[in-house]
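Undergrad: give me the fold of what follows.
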Amino acid sequence: SSPGPDGEGKEVKRKRKTTKEGEPKKPPTCFMNFIKKNRARVREEKPGLKVTEVTKVLAEEWKELGTEGRREYKEEADRSKSKYEEEKQRFIYADAQRVKKEHAVKKELLLAAANQ
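TA: This next block holds a predicted model:
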């Protein structure tokens, strides 16, 4: 949530974008892949850390990693993104077909009702 329009006062809740049933989830970023792969190691090395503190440690490691060290995570993110784009296109096509079919059924029902 965020503050009101004037920057003060009552907080305004943001509406979440609703997803349609069957819509593919967005792919993880390079950083999210890095976190997923390294979170267990950091928690094992430093068992007393809170989740937010683990993320801060991983963020520092990410900053120090450099371009060469980030390459594998970038490649993984690119593969995930390509797969997501393909799934998204299939979903969009299937959803358009579903909507087209629904409109045809509604039109048929309206015509049948009008002819009675």
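
Undergrad: okay, now Leu58: neighbour count?
TA: 19 (other Cβ atoms under 10 Å). (Each C-beta comes from the backbone N, C-alpha and C, glycine too.)

Undergrad: sorry, that was for Asn33
TA: Number of residues near Asn33 (other Cβ under 10 Å) recorded here: 19.

Undergrad: who's in contact with it?
TA: Contacts for Asn33 (Cβ atoms under 8 Å, 6 or more residues apart in numbering) come out as Tyr73, Glu76, Ala77, Ser80.

Undergrad: return the subset of the residues you listed lying in strands.
TA: Counted as lying in strands by DSSP state E, out of the contacts of Asn33, is not a single one.

Undergrad: could those go into CSV alongside neighbour count and distance to Arg41?
TA: Output for the contacts of Asn33, formatted as CSV (neighbours: other Cβ atoms under 10 Å; distance: Cβ to Cβ, whole Å):
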residue, neighbour count, distance to Arg41
Tyr73, 22, 15
Glu76, 18, 17
Ala77, 19, 20
Ser80, 17, 21
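
Undergrad: I'd like the mean pLDDT over the lengthiest helix in the chain, please.
TA: Of all the segments of type helix in the chain, defined by DSSP state H, the longest one is helix 51-114. Mean pLDDT, helix 51-114: 92.

Undergrad: returning to what we had before: and which of the contacts of Asn33 is nearest to Lys17?
TA: Nearest to Lys17 among those is Ser80, at 20.0 Å by Cβ to Cβ.

Undergrad: pull the number of nearby residues for the residue nearest to Glu87 when sequence neighbours are not counted.
TA: Spatially, and ignoring its direct neighbours in sequence, Glu87 is nearest to Pro24 (4.0 Å; Cβ to Cβ, 6 or more residues apart in numbering). Neighbour count of Pro24, defined by other Cβ under 10 Å: 15.

Undergrad: swap in the one 5 residues further on?
TA: A count of nearby residues for Thr29, using other Cβ under 10 Å, gives 14.

Undergrad: contacting residues around the nearest residue to it once chain neighbours are set aside?
TA: Leaving aside its chain neighbours, Thr29 sits nearest to Ala77 (5.8 Å; criterion: Cβ to Cβ, 6+ apart). Ala77 sits next to Pro27, Pro28, Thr29, Cys30, Asn33 when contact means Cβ under 8 Å, 6+ apart.
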